[in-house]
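A.B. asks: Got a predicted structure plus its sequence, pasted below:
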Amino acid sequence: MNWLKNYLQHTFNPVHMYCRLMDFGVTKSRARRMCAVYERLIYRSLTGAN
């Protein structure tokens, strides 16, 4: 079950999301803003970080 946790942490990591957004053609500044909001609102609550 640990592999699933590691996979999900990697997949939903804001840096990973940033890279995928860049692959889809989103500009750097927009991708950074989107990932910053995503990290604050979603990722931290998923991982339990404050």
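C.D. replies: Arrived safely. Residues are numbered from 1 along each chain as shown.

A.B. asks: Now for Trp3, how many residues are close by?
C.D. replies: Using other Cβ atoms under 10 Å, Trp3 has 7 other residues around it. Just so you know, the C-beta spots here come from the backbone N, C-alpha and C atoms, and that holds for glycine as well.

A.B. asks: Is it in a helix, a strand, or coil?
C.D. replies: At Trp3 the chain is in helix, as set by DSSP: H, G, I helix; E, B strand; the rest coil.

A.B. asks: cool, Leu46 as well?
C.D. replies: helix.

A.B. asks: Which residue is the nearest non-sequential neighbour of it?
C.D. replies: Leaving aside its sequence neighbours, Leu46 sits nearest to Phe12 (Cβ to Cβ, 6 or more residues apart in numbering; 6.4 Å).

A.B. asks: Looking at Asn50 now. What's its pLDDT?
C.D. replies: Asn50 is assigned 63 on the pLDDT scale.

A.B. asks: which ones are touching the residue most central in space within the chain?
C.D. replies: Residue closest to the mean C-alpha point of the chain, counted by Cα atoms, centre = their mean, is Pro14 at 2.3 Å. Going by Cβ atoms under 8 Å, 6 or more residues apart in numbering, Pro14 touches 35-36, 38-39, 43.
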